[in-house]
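Student: got a structure for you, letters missing:
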């Protein structure tokens with residue numbers, strides 16, 4: 001009986017043209033977007049460089065350790081590239097006397113130029129890098145700042161040593177957005193059955209309310225989980241810790257189905273389902289954005305249940321996280337799904353009876 005109910009629900013789910021189109025187009029769009037995004041991280045900094053009489057010095061060879069640069073035959077040509085063509089953010093000009101002083105290990109002044117409109121933060125970063133490079137280029141310092149010894153300690157994964165391409169950072173957000181559509185799909189299905197009286201009619205048969213809810217849960221889990229697995233397989237992510245990934249996606253699907261029950265219980269029509277669904281998408285996307293752009297992360301984002309989903313996916317796919325590293329995330333996902341499903345089911349039970 002439950003199998004027949006699930007089969008019926010799947011057919012009704014895809015009869016909703018909006019949900020069906022968004023679901024199918026989402027799979028296609030995210031797969032195409034993934035392969036369009038850069039697959040590698042470009043860690044090089046391009047600068048424009050003018051050295052007067054470059055044959056008399058080896059400064060340009062020392063700069064190769066830090067930057068990729070383009071040499072110009074004149075200072076005017078370099079300034080034109082910075083100001084008019086916009087090909088570079090920064091450039092340096094070194095006269096013959098300055099180059100000779102640097103080669104002798106003497107103190108020298110180097111002129112740095114920046115493109116118009118460069119952000120202050122970027123300019124300060126280039127200032128620091130150019131200062132370090134200029135000091136390192138001087139044999140007198142031996143590549144160090146005087147006698148200061150520096151020991152670098154990286155807290156957490158060293159992103160400089162293991163940079164993550166932007167498209168791999170985008171994967172958790174893709175999977176989350178794909179799941180978020182299911183909130184509206186499953187919730188609208190339950191709400192429409194309640195609004196049209198179909199649910200009440202079905203419940204007059206030997207089918208019990210618990211079986212009715214079980215069918216909805218199985219249908220929601222199946223539709224959501226299959227889509228996530230398909231997308232992960234298309235973009236080639238199923239080979240990375242497949243068991244950990246599948247369990248995480250399954251529990252993420254369980255949480256989303258629980259939210260669908262809750263939204264269906266407080267919605268009175270299709271438009272209210274869409275409104276609540278969009279709110280869920282907006283709020284749940286915040287942790288995904290924090291993974292995509294770590295500089296925007298805030299502590300309160302960890303209060304959103306989707307944080308534990310996107311962070312677990314991020315750790316699994318990009319850092320090969322073990323069960324121990326994602327165990328607490330999985331517990332929170334299961335607890336969030338169980339809580340929302342219990343509350344939603346209780347409210348729906350009162351509505352149907």
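Tutor: Everything's here; your move. Because the structure is predicted, anything quoted here is derived from the model rather than measured.

Student: residue 112 should be in a helix, yeah?
Tutor: No - counting by DSSP: H, G, I helix; E, B strand; the rest coil, residue 112 is located in no helix; its state is strand.

Student: who does it bridge with?
Tutor: residue 92 (DSSP bridges).

Student: shouldn't it be in contact with residue 129?
Tutor: No - taking CB atoms under 8 Å as the definition, residue 112 is not a contact partner of residue 129, at 10.2 Å. From N, CA and C alone the C-beta is placed, and that goes for glycine too.

Student: and residue 306, what pLDDT?
Tutor: In this model, residue 306 is scored at 91, pLDDT.

Student: how far away is it from residue 4?
Tutor: Separation of residue 306 from residue 4 (CB to CB, to the nearest Å) stands at 33 Å.

Student: what do you get for residue 349?
Tutor: Distance from residue 349 to residue 4, counting by CB to CB: 22 Å.

Student: kindly report the same for residue 37.
Tutor: In terms of CB to CB, residue 37 sits 43 Å off from residue 4.

Student: of those two, give the one with the bigger neighbour count.
Tutor: residue 37 (14 against 10; other CB atoms under 10 Å).

Student: all strands for the protein, in order.
Tutor: In the chain, the strands defined using DSSP state E lie at 46-51, 68-71, 90-94, 111-114.

Student: which one of those strands has the most crowded surroundings?
Tutor: strand 90-94 (a mean of 24; mean count of other CB atoms under 10 Å).

Student: per-residue pLDDT, residue 50?
Tutor: Value for residue 50, per-residue pLDDT: 82.

Student: could I get the contacting residues of it?
Tutor: Contact analysis of residue 50 by CB atoms under 8 Å, 6 or more residues apart in numbering lists 71, 72, 73, 74, 75, 77, 78, 91, 92, 93, 94.

Student: let's see 6 Å
Tutor: Residue 50 makes contacts with 72, 75, 78, 93, as judged by CB atoms under 6 Å, 6 or more residues apart in numbering.

Student: so the first one versus residue 341, what's the distance?
Tutor: This points to residue 72. 65 Å.

Student: give me the neighbour count for the closest residue to residue 12 other than its chain neighbours.
Tutor: For residue 12, ignoring the flanking residues on the chain, the nearest one in space by CB to CB, 6 or more residues apart in numbering is residue 189 at 5.8 Å. Using other CB under 10 Å, residue 189 is surrounded by 24 other residues.

Student: returning to what we had before: just send the strands of the chain back as a markdown table, with distance to residue 83 too.
Tutor: A markdown table is the format used below for the strands of the chain (distance: least, CB to CB, whole Å):
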| stretch | distance to residue 83 |
| --- | --- |
| strand 46-51 | 10 |
| strand 68-71 | 15 |
| strand 90-94 | 10 |
| strand 111-114 | 8 |
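
Student: quick one: residue 4 from residue 328, how far?
Tutor: For residue 4, the distance to residue 328 - CB to CB - is 39 Å.

Student: now residue 343
Tutor: For residue 343, the distance to residue 328 (CB to CB) stands at 23 Å.

Student: from residue 280, how far off is the residue nearest to residue 12?
Tutor: 16 Å.

Student: again with residue 118
Tutor: Distance of residue 118 to residue 280, computed by CB to CB: 39 Å.

Student: kindly report the same for residue 248.
Tutor: Applying CB to CB, the value for residue 248 to residue 280 is 19 Å.

Student: and the two? which has more neighbours close in?
Tutor: Shown here are residue 248 and residue 280; by other CB under 10 Å, residue 248 has more neighbours (27 against 21).

Student: with adjacent residues omitted, what lies nearest to the more buried one?
Tutor: Leaving aside its chain neighbours, residue 248 sits nearest to residue 312 (4.8 Å; criterion: CB to CB, 6+ apart).

Student: check contacts around the one you found.
Tutor: Residue 312 sits in contact with 248, 326, 329, where contact means CB under 6 Å, 6+ apart.

Student: those residues into TSV, with extra columns for distance to residue 16?
Tutor: Compiled in TSV, the contacts of residue 312 are given as follows (distance: CB to CB, whole Å):
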residue	distance to residue 16
248	28
326	34
329	32
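
Student: so which of these sit within helices?
Tutor: Using DSSP state H, 248, 326, 329 are the members of the contacts of residue 312 that sit in helices.

Student: mind putting these in JSON lines, pLDDT and distance to residue 18 included?
Tutor: Formatted as JSON lines, the ones in helices among the contacts of residue 312 follow (pLDDT from 0 to 100; distance: CB to CB, whole Å):
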{"residue": "248", "pLDDT": "95", "distance to residue 18": "28"}
{"residue": "326", "pLDDT": "93", "distance to residue 18": "34"}
{"residue": "329", "pLDDT": "94", "distance to residue 18": "32"}
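
Student: now, which of those residues sits nearest residue 218?
Tutor: Nearest to residue 218, judged by CB to CB, of the ones in helices among the contacts of residue 312 is residue 248 at 19.3 Å.

Student: okay, that closest one and residue 229: tell me how far apart.
Tutor: Distance from residue 248 to residue 229, by CB to CB: 12 Å.
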